[in-house]
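Visitor: This is a predicted model, with the sequence first.
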Amino acid sequence: MSSDMTPVVQARGIVKRYGHVTAIDQSDFELRPGEILAVIGDNGAGKSSIVKAICGATIPDEGEILIEGKPVNFTSPIEAREMGIEIVYQNLALSPALSIADNMFTGRELRKPGWMGKYLRLLDKPAMEKFARDKLTELGLMTVQSIKQPVETLSGGQRQGVAVARAAAFATKFIIMDEPTAALGVKESRKVLELIQDVRARGIPIILISHNMPHVFEVADRIHIHRLGKRLCTIDPKDYTMSDAVAFMTGAKEPPAQDAA
Amino acid sequence: MSDTPSAKGQEFERTLDQSAKEVARFKRDRHSPLERIQHVLHNNPTLVPVIVLAISVIAFGLIAGGRFFSAFNLSLILQQVSIIGILAAAQSLIIITAGIDLSVAAIMVLMSVIMGNLAVFAGVPSPLAILIGLGGGVGAGMMNGWLITRIKLPPFITTLGTWSIFYALLLWLSGAQSIRGQDIDANAPFLKFFGFAFNIGGARITLSAILMIVVFVVLWYMLNKTAWGRHVYAIGDDKDAAEMSGIRTDRTLMSVYGLSGLVCALAGWASIGRVGSISPQSFYEGNLDSITAVVIGGISLFGGRGSIMGALFGALIVGVFRSGLRLSGVDVLWQVFAIGWLIIIAVAIDQWIRRVSA
């Protein structure tokens, strides 16, 4: 996946302090076009913090973030979303009582064309349902009985599928996934990993935060190892073993000298 | 390397190919009739109040006979529930967001006092006085919304406080005196607009009853057919999830409280016509009556579930019980007793329905 194209995300010298605690300490970050970048690190290393800084959920105190070479200053995830950055949260951010179609369009509903939509603000439910059905079919997820069924009636894997489909449907820049397999069984995890690879095959890069080393080593093109609030190194999973990665992450072993990785 | 992943996934996943392919099925083919009913009710939460309303109308018709079933009596019930019904619509909006509003009736009476003072005593033209009152309702509602979203106070405590504040203000503004009907008729008859009634074949329909139905239809449309309405439900369902999926939850909540305040003020205007005078002591328990209607109407107090139309049926059920028991010659205290049981049964049914598993 090496390429000389402009990185999708490039962050330099990001700092975020909460009182006396420094959550991000002069950290760098880079996501390249078309890749799956895994972000690993111990609990409290700040991997969530750095990703939150990139998507606007926290505002860094110092440093700069470039998206496709252009500097950005997000003040909320909604702004990031408007740029085509989608996030799949660990707890999925779905509303259980609302339907699959409603959930896919939360915050960006389609209105009927013409005066009904303009003045009466009437939703175009058939169009939203069709779109949702198409997207789920594309990702091979149409095992649900009805697109109108409430999300609370779905299994854990199906819900994850809805959340991933929502992100894949609207992302134009990249997708951030926070522990997408953490709550799933073996079979369902496999399905989600296939989904992740499917999404990459469409050319959308993915930032994958995970504690699951086998999953990370299976799908990631590069691994960003976060330690003590900053990027320790980036490794190619083909050159190192999982135990190497854990050793770097926990400080048991010195990181490799960084070349251009 | 031993742990290099293969194209087929992890080592321990190899056997997945041979694993059973059928999806686990926990569904039995035969459901007991009770489970089926539970399932249908889960999908249509408004069905319960509709059924209860139908049964109680038939039951009281049988007990109290023709007097209950007369067009006049049925339209009288509609008249009697109109003000509490409109308040229940405002209350539903708040309860769907998983909040509660104890100040609805205080906002309503306060705004009717403001309309009355301006139009009857200060000589402000009635339409302007009404506009100011409606605007005041929006302001009072948004004050609740501001305290809840910005200061992050729980809705119950916030509105318990503003209930007292608005009540004290209305006692102060009115000097604890009613504005008499004659004074309203002489100076500002337009305030009584919603008291206007017409007869259709023995039924007496007041404009306040029509206003109630219009309010419900408009709010139902907003909640079910617009993006705003979907957001209101999403916030009541799970506020954090709604925020993360891109809804500006605080802004939406402010609009809900503002709109609810406006509906309360509309109820205030309608109440002048319904009661015929403006009394600071009226509707003191209107907030509790509105919650009763909402709960009997099958709207979940935990938020995110139930249709606003349920509150209309809830208000009508209360009206039918009062009227039916009175016409059957039952003491008032037993009417109160019956409403109490209705509330408890309604909440119990709500809990039972929510336990349904898909």
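Guide: Yep, it's here.
Visitor: What's the first helix or strand after the helix or strand that contains B:V214?
Guide: Under DSSP states H and E, the secondary-structure element containing B:V214 is helix B:207-225. Moving toward the C-terminus from helix B:207-225, the first helix or strand encountered (DSSP H and E) is helix B:227-237.
Visitor: okay, the angle between that following helix and helix B:207-225?
Guide: Relative orientation of helix B:227-237 and helix B:207-225, computed by axes from the mean of the first three to the mean of the last three Cα atoms, to 10 degrees: 80 degrees.
Visitor: Average pLDDT for helix B:227-237, rounded please.
Guide: The average pLDDT for helix B:227-237 rounds to 95.
Visitor: One more: stretch B:181-201?
Guide: Per-residue scores along stretch B:181-201 average to 92.
Visitor: before we move on, what about stretch A:73-91?
Guide: 88.
Visitor: How about A:P150: what's its closest non-neighbour residue?
Guide: Nearest non-adjacent residue to A:P150, counting by Cβ to Cβ, 6 or more residues apart in numbering or on different chains: A:A97, 5.5 Å away. (Glycine included, C-beta is placed from N, CA and C.)
Visitor: Give me the phi and psi for the one you found.
Guide: With angles defined as degrees, to the nearest 10, A:A97 sits at phi -80, psi -10.
Visitor: What is the burial count for it?
Guide: Burial of A:A97 is recorded as 19 neighbouring residues (other Cβ atoms under 10 Å in any protein chain shown).
Visitor: Check whether the helix holding B:V214 comes near chain A.
Guide: Yes. Using Cβ under 8 Å from any Cβ of the partner chain, helix B:207-225 reaches chain A at B:221, B:225.
Visitor: what's near enough to touch the residue in the stretch 101-250 of chain A that chain B sits nearest to?
Guide: Residue nearest to chain B within the stretch 101-250 of chain A (Cβ to the nearest Cβ): A:G107, separated by 3.2 Å. For A:G107, the residues meeting the contact criterion (Cβ atoms under 8 Å, 6 or more residues apart in numbering or on different chains) are A:78, A:81, B:231, B:245-247.
Visitor: Whichever of those end up buried, select them in ChimeraX.
Guide: Buried residues among the contacts of A:G107 (16 or more other Cβ atoms under 10 Å in any protein chain shown), as a ChimeraX selection:
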select /A:81 /B:231,245,246,247
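Visitor: who's in contact with the helix holding B:V214?
Guide: Counting contacts by Cβ under 8 Å, 6+ apart, the residues touching helix B:207-225 from outside are A:120-123, B:75, B:78-79, B:81-83, B:85-86, B:89, B:92-93, B:96, B:193-197, B:228-229, B:232-233, B:263, B:266, B:270-271, B:273-274, B:307-309, B:311-312.
Visitor: Among these, which lie within strands?
Guide: When DSSP state E is applied, the contacts of helix B:207-225 are split such that B:A197 fall in strands.
Visitor: List only buried entries from the contacts of helix B:207-225.
Guide: If you count burial by 16+ other Cβ under 10 Å, the buried members of the contacts of helix B:207-225 come out as A:121-123, B:75, B:78-79, B:81-83, B:85-86, B:89, B:92-93, B:96, B:193-195, B:228-229, B:232-233, B:263, B:266, B:270-271, B:273-274, B:307-309, B:311-312.
Visitor: one step back: doesn't the residue of the stretch 101-250 of chain A closest to chain B lie inside a helix?
Guide: No. Looking at A:G107 with DSSP: H, G, I helix; E, B strand; the rest coil, it is coil, so not inside a helix.
Visitor: And the strands in the stretch 51-200 of chain B?
Guide: In the stretch 51-200 of chain B, strands defined by DSSP state E, counting those that start in this stretch lie at B:197-200, listed in chain order.
Visitor: For chain A, what's its nearest residue on it.
Guide: B:I96 (10.5 Å).
Visitor: May I have the residues that are in contact with that residue?
Guide: B:I96 sits next to B:223, B:232-233, B:236, B:299, B:303-306, B:308 when contact means Cβ under 8 Å, 6+ apart.
Visitor: Apply 6 Å and report the result again.
Guide: B:I96 makes contact with B:232, B:236 under the criterion Cβ atoms under 6 Å, 6 or more residues apart in numbering or on different chains.
Visitor: circling back to that earlier point, give the buried residues for the helix holding B:V214.
Guide: B:207-212, B:215-216, B:219-220, B:222-223, B:225.
Visitor: Out of the residues you listed, the closest to chain A would be?
Guide: Closest approach to chain A among the buried residues of helix B:207-225 (Cβ to the nearest Cβ): B:K225, at 5.4 Å.
Visitor: Distance of that closest one relative to B:L266?
Guide: Applying Cβ to Cβ, to the nearest Å, one obtains 21 Å for the distance of B:K225 from B:L266.
Visitor: Also A:A97?
Guide: 29 Å.
Visitor: Could you list the low-pLDDT ranges of chain A?
Guide: Judged against pLDDT under 70, the low-scoring parts of chain A cover residues A:1-4, A:142-145, A:258-261.
Visitor: which parts of it sit against chain B?
Guide: A:78, A:81, A:89, A:93-97, A:102, A:106-107, A:109, A:121-123, A:153, A:190, A:214, A:217-218, A:241-242 (Cβ under 6 Å from any Cβ of the partner chain).
Visitor: again, 7 Å this time
Guide: Listed as neighbours of chain B in chain A under the rule Cβ under 7 Å from any Cβ of the partner chain: A:78, A:81, A:89, A:93-98, A:102, A:106-109, A:121-123, A:153, A:186-187, A:190, A:214, A:217-218, A:241-242.
Visitor: So in chain B, where's the weakest helix or strand by average pLDDT?
Guide: Across the helices and strands of chain B, mean confidence by mean pLDDT, DSSP states H and E is lowest for helix B:33-43: a mean of 80.
Visitor: Only the C-alpha atoms, please, for it, written as PDB.
Guide: The C-alpha coordinates for helix B:33-43 follow below in PDB (Å, rounded to 0.1, in the frame of the first residue of the first chain):
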ATOM      1  CA  PRO B  33     -52.300 -16.100  22.400                       C
ATOM      2  CA  LEU B  34     -51.100 -13.900  25.200                       C
ATOM      3  CA  GLU B  35     -47.600 -13.600  23.700                       C
ATOM      4  CA  ARG B  36     -49.200 -12.700  20.300                       C
ATOM      5  CA  ILE B  37     -51.200  -9.900  22.000                       C
ATOM      6  CA  GLN B  38     -48.100  -8.700  23.700                       C
ATOM      7  CA  HIS B  39     -46.300  -8.600  20.400                       C
ATOM      8  CA  VAL B  40     -49.000  -6.700  18.600                       C
ATOM      9  CA  LEU B  41     -49.200  -4.200  21.400                       C
ATOM     10  CA  HIS B  42     -45.500  -3.700  21.300                       C
ATOM     11  CA  ASN B  43     -45.700  -2.700  17.700                       C
END
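Visitor: gap between that helix and the chain center?
Guide: The offset between the C-alpha centroid of helix B:33-43 and the centroid of the whole chain comes to 24 Å, using Cα atoms, centre = their mean, to the nearest Å.
Visitor: again, but for stretch A:158-165
Guide: In terms of Cα atoms, centre = their mean, the gap separating the centre of stretch A:158-165 from the centre of its chain is 13 Å.
Visitor: Great, nothing more from me.
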